[in-house]
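Visitor: Fold the stuff below for me.
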Amino acid sequence: MREPFERRTVAVLSTDMVGYSRMMALDPDATVHAIRFCEHALRQSADSYRGRLFSRAGDGFLVEFSCEPDAVQAALDIQAHLRSHNSEHPLERQIWLRAGIHCGEAIIDDDNLHGDVVNIAVRLQETAPAGGMLISDAVRDSLPSDQRPPMSSLGVMRFKNIPRPIEALELEVPGADGAVHMSDPFEIDMAAPVFGFGGRSAIAIFPLNNSSHSLQHSHIPEGFSDNLIVALSHMRQVPVIDRNSSFALAAEREPHHRAAARLGARYFVTGEFADHGPQFRISLRLYDGSTSQILWSDSYLLEPDEVIAALEEVSDIVAGTLEGRLEQAETVRARASRLSRSNISDLVWRGRWHLNKLTHKDSELAREMLEAAVDQDPEHSEALIQLSFWHWLDCWTQRKPKQNIEEFQALAQRAMASKPHDSRGHFLIGAAEILLGNPEQALGHFQQSLALNPSHAHAHSQIGSCHMLMGQPDKAISSLDAAIRLNPHDYYLFVTVGELACSYCMNGDYERAISLARQSLDLRQSYWHARMTEITALVQSGQKKRAAQALDALLIRRPDFFEKPYIAWLPFQDKKWNRFFEDGLAQARAVNLDLETKRHPSTAL
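Guide: Purely as a prediction, here's the structure:
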């Protein structure tokens with residue numbers, strides 16, 4: 001008979017570095033130095049409170065304490081140490097940890113510990129906010145009443161493979177969520193209703209957790225969630241939260257029920273993509289966020305050579321289930337020529353994945369894949385829509401000539417014809433009309449897009465752009481505000497905020513315009529349109545020296561600004577607005593030249 005392992009009661013602190021994967025991709029050496037710094041800080045705090053570091057894996061650390069107060073004080077000490085470090089370093093060199101603490105009986109295996117006490121501490125850490133800390137109810141109950149730091153309950157949570165529910169409590173750690181904090185936050189009233197929702201409950205789709213070891217299929221978890229959002233966007237009775245908002249909160253490791261509440265969604269869908277022997281398994285769950293009750297769950301086994309085609313079938317079934325039409329969903333049959341269809345769909349999914357990365361290299365890869373998909377099936381609606389999106393971004397960001405815009409327009413018309421009831425087709429035609437200088441015609445297409453899908457944040461944003469270009473800043477502000485409320489985590493939020501700044505500038509509210517322009521620039525420093533607005537608003541408010549400084553910042557990134565028709569390219573209906581902004585830049589330039597002459601008088605001779 002085997003001897004049982006020794007057991008003892010401990011408190012376990014689990015920590016994890018925020019943004020570790022992203023940091024490693026950007027600067028591996030600096031990230032390893034950051035890990036060493038964290039380990040040194042952890043060991044110091046552990047020594048001060050009689051703790052022992054017993055496990056390290058990558059950026060994760062586990063520390064054992066003999067009592068709960070020591071574990072809590074050590075964790076607070078570590079977070080305080082990191083806050084001090086961060087206050088002395090720029091954003092890119094700041095270090096943030098998540099922390100979780102649980103107490104209970106552990107199995108002793110030489111210097112290592114095993115058991116639910118470790119697993120629950122790790123689950124709490126994974127749920128904690130950036131720079132923050134969660135503890136279990138068991139830890140709270142073990143703290144003397146006079147040693148309990150301020151905390152708030154997040155409610156009862158159920159963690160995978162943990163038999164009993166755990167009440168999680170968030171400690172009020174100064175600077176928690178500091179890794180994503182903005183010093184000048186957007187003034188977004190998330191409680192205000194968004195046009196088109198009509199008080200109806202919304203649903204959020206979070207990206208699947210990828211538990212598969214297949215690198216070949218690493219794009220599938222996000223791709224499936226994307227596909228499901230598109231399928232559900234046609235449900236008129238339940239609005240769907242935009243993917244960029246739900247994906248952004250998931251990337252912050254926000255607990256799903258809290259993320260859904262922040263997004264204004266009563267319902268949410270989560271799931272997992274995992275290996276299952278030679279096959280793959282996809283598991284899905286629908287929750288009522290207000291009660292944390294599972295309303296429906298199911299799983300599907302997928303053959304490795306037909307994953308994409310099978311997942312498209314699954315997304316159709318799930319969409320039908322959520323609409324209350326299970327009978328119809330269960331009759332969905334595999335499409336003809338499944339293998340061929342799978343190849344095309346795989347190109348579309350991969351192309352869409354690259355398009356969302358927002359880099360020049362990924363953009364070119366996205367174009368190659370999407371064009372290959374359209375070549376294989378010229379009537380494939382999703383391939384046409386995604387390729388049209390690529391051309392829209394290319395024409396806008398590169399200020400392409402009329403010929404390119406007309407090519408984009410023709411492709412957008414093909415996309416709409418392939419799927420007339422898809423809101424995105426009408427949106428794309430409207431986007432082409434804006435670039436062609438026809439905001440009035442564009443407005444009708446964007447309104448039709450919202451009629452088909454009231455949760456289409458980009459349509460709200462482009463309606464605001466139409467009103468701005470038509471010289472109606474009051475109407476523009478209303479629509480742009482709605483777009484931000486609907487999708488405050490959009491990849492292209494810098495554009496919407498920049499358009500809002502421009503509208504306030506046109507309306508004569510220069511201080512508000514300056515503030516919003518700088519918020520847009522915080523998101524994307526190279527966005528010349530926001531810098532143009534900032535400079536003009538500074539000039540109009542009499543702050544010409546500051547306008548000259550802002551012009552210097554513009555010319556660092558756009559040295560050809562006065563050599564190319566940047567402002568003339570903007571499709572305002574009344575060209576007085578082009579002249580308005582051109583005059584603001586000209587005045588800032590004159591001040592700049594005057595200051596340069598005073599600094600170097602010999603250059604004036």
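Visitor: what does the model give residue 281 for pLDDT?
Guide: Listed pLDDT for residue 281 reads 83.
Visitor: for it, what are its contacts?
Guide: Shown in contact with residue 281 (Cβ atoms under 8 Å, 6 or more residues apart in numbering): 272-275, 299-302. Any C-beta I mention is one placed from the backbone N, CA and C, and that applies to glycine too.
Visitor: Give the helix, strand or coil label for it.
Guide: Secondary structure, DSSP: H, G, I helix; E, B strand; the rest coil: residue 281 is strand.
Visitor: Kindly report the same for residue 300.
Guide: strand.
Visitor: Tell me who's in contact with it.
Guide: Contacts of residue 300 (Cβ under 8 Å, 6+ apart): 281-282, 310, 314.
Visitor: returning to what we had before: which of the contacts of residue 281 are buried?
Guide: With neighbours counted by 16 or more other Cβ atoms under 10 Å, the contacts of residue 281 contain buried members at 272-274, 300, 302.
Visitor: any idea which element residue 511 lies in?
Guide: helix 510-523 (DSSP states H and E).
Visitor: quick check: mean pLDDT across that helix?
Guide: For helix 510-523, mean pLDDT is 91.
Visitor: buried stuff in it?
Guide: For helix 510-523, burial by neighbour count (16+ other Cβ under 10 Å) applies to 510, 512-521, 523.
Visitor: Can I get those in JSON lines including distance to residue 319?
Guide: Conversion of the buried residues of helix 510-523 to JSON lines gives the following (distance: Cβ to Cβ, whole Å):
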{"residue": "510", "distance to residue 319": "47"}
{"residue": "512", "distance to residue 319": "41"}
{"residue": "513", "distance to residue 319": "42"}
{"residue": "514", "distance to residue 319": "45"}
{"residue": "515", "distance to residue 319": "41"}
{"residue": "516", "distance to residue 319": "37"}
{"residue": "517", "distance to residue 319": "40"}
{"residue": "518", "distance to residue 319": "41"}
{"residue": "519", "distance to residue 319": "36"}
{"residue": "520", "distance to residue 319": "35"}
{"residue": "521", "distance to residue 319": "39"}
{"residue": "523", "distance to residue 319": "32"}
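Visitor: any idea which of these is closest to residue 552?
Guide: Nearest to residue 552 among the buried residues of helix 510-523, counting by Cβ to Cβ, is residue 521 at 13.7 Å.
Visitor: And that closest one, how far from residue 515?
Guide: Here residue 521 is placed at a distance of 11 Å from residue 515 (Cβ to Cβ, to the nearest Å).
Visitor: cool, and residue 140?
Guide: Counting by Cβ to Cβ, the gap from residue 140 to residue 515 is 41 Å.
Visitor: Select the longest helix from this protein.
Guide: Identified as the longest helix of the chain according to DSSP state H is helix 576-599.
Visitor: Averaged pLDDT, that helix. What do you get?
Guide: Here the average pLDDT along helix 576-599 is 88.
Visitor: what packs against it?
Guide: Counting contacts by 3 or more Cβ pairs under 8 Å, 6 or more residues apart in numbering; DSSP states H and E, helix 576-599 is packed against helix 528-540, helix 544-557.
Visitor: the strands in this protein, which residues?
Guide: 7-17, 52-57, 60-65, 97-109, 112-114, 133-136, 151-157, 166-171, 202-205, 209-210, 265-276, 279-288, 293-302 (DSSP state E).
Visitor: okay, the ones you listed, which one's buried deepest?
Guide: Mean neighbour count (mean count of other Cβ atoms under 10 Å) peaks for strand 133-136 among the strands of the chain, with a mean of 28.
Visitor: circling back to that earlier point, just the contacts of residue 300 now: which is nearest residue 19?
Guide: Checking those one by one against residue 19 (Cβ to Cβ), the nearest turns out to be residue 282, at 27.4 Å.
Visitor: Buried ones in the longest helix of the chain, by neighbour count?
Guide: Under the neighbour-count criterion of 16+ other Cβ under 10 Å, helix 576-599 has 577-578, 580-582, 584-585, 587-589, 591-592 buried.
Visitor: Among the helices and strands packed on helix 576-599, which comes closest to residue 170?
Guide: Short answer: helix 528-540, nearest of these by Cβ to Cβ, at 35.1 Å.
Visitor: Between helix 510-523 and that closest one, find me the angle.
Guide: Here helix 528-540 runs at an angle of 150 degrees relative to helix 510-523 (axes from the mean of the first three to the mean of the last three Cα atoms, to 10 degrees).
Visitor: What residues sit buried inside helix 528-540?
Guide: Neighbour-count burial for helix 528-540 flags 528-540 (criterion: 16+ other Cβ under 10 Å).
Visitor: Out of those, which is nearest to residue 250?
Guide: Closest approach between the buried residues of helix 528-540 and residue 250, by Cβ to Cβ: residue 530, at 27.6 Å.
Visitor: Touching, that closest one and residue 493? I think so.
Guide: No - in this structure, residue 530 is not within contact of residue 493 by Cβ atoms under 8 Å, at 11.5 Å.
Visitor: Dump the buried residues of helix 576-599 into TSV; add distance to residue 471 as well.
Guide: As requested, these are exported to TSV (distance: Cβ to Cβ, whole Å):
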residue	distance to residue 471
577	7
578	11
580	10
581	13
582	16
584	17
585	20
587	22
588	23
589	25
591	28
592	29
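Visitor: and the two most separated of the residues you listed?
Guide: The distance between the two most remote of the buried residues of helix 576-599 (Cβ to Cβ) is 22.9 Å, for 577 and 592.
Visitor: Below-threshold pLDDT in the stretch 201-350 of the chain: ranges please.
Guide: 201, 234-238, 252, 290-295, 308, 316-317, 320-343 (pLDDT under 70).
Visitor: about what we covered before: of all the buried ones among the contacts of residue 281, which comes closest to residue 74?
Guide: Of the buried ones among the contacts of residue 281, the one sitting nearest to residue 74 (Cβ to Cβ) turns out to be residue 272, at 33.4 Å.
Visitor: so how far is residue 119 from that closest one?
Guide: 17 Å.
Visitor: From residue 517, how far out is residue 498?
Guide: Taking Cβ to Cβ, one finds residue 498 at 7 Å from residue 517.
Visitor: Now do the shared contacts for those two.
Guide: Taking Cβ under 8 Å, 6+ apart as the criterion, residue 498 and residue 517 both touch 530, 533.
Visitor: quick one on the thing from earlier: got the CA positions of the helix holding residue 511 in CSV?
Guide: Written as CSV, here are the backbone C-alpha positions of helix 510-523 (Å, rounded to 0.1, in the frame of the first residue of the first chain):
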residue,chain,number,x,y,z
TYR,A,510,-12.8,74.6,-29.4
GLU,A,511,-11.9,73.4,-25.9
ARG,A,512,-14.0,70.3,-26.3
ALA,A,513,-12.5,69.8,-29.8
ILE,A,514,-8.9,70.0,-28.4
SER,A,515,-9.7,67.5,-25.6
LEU,A,516,-11.2,65.0,-28.0
ALA,A,517,-8.5,65.4,-30.6
ARG,A,518,-5.9,64.6,-28.0
GLN,A,519,-7.8,61.5,-26.9
SER,A,520,-7.9,60.4,-30.5
LEU,A,521,-4.1,61.0,-30.8
ASP,A,522,-3.6,59.0,-27.6
LEU,A,523,-5.1,56.0,-29.4
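Visitor: Alright, I will stop here.
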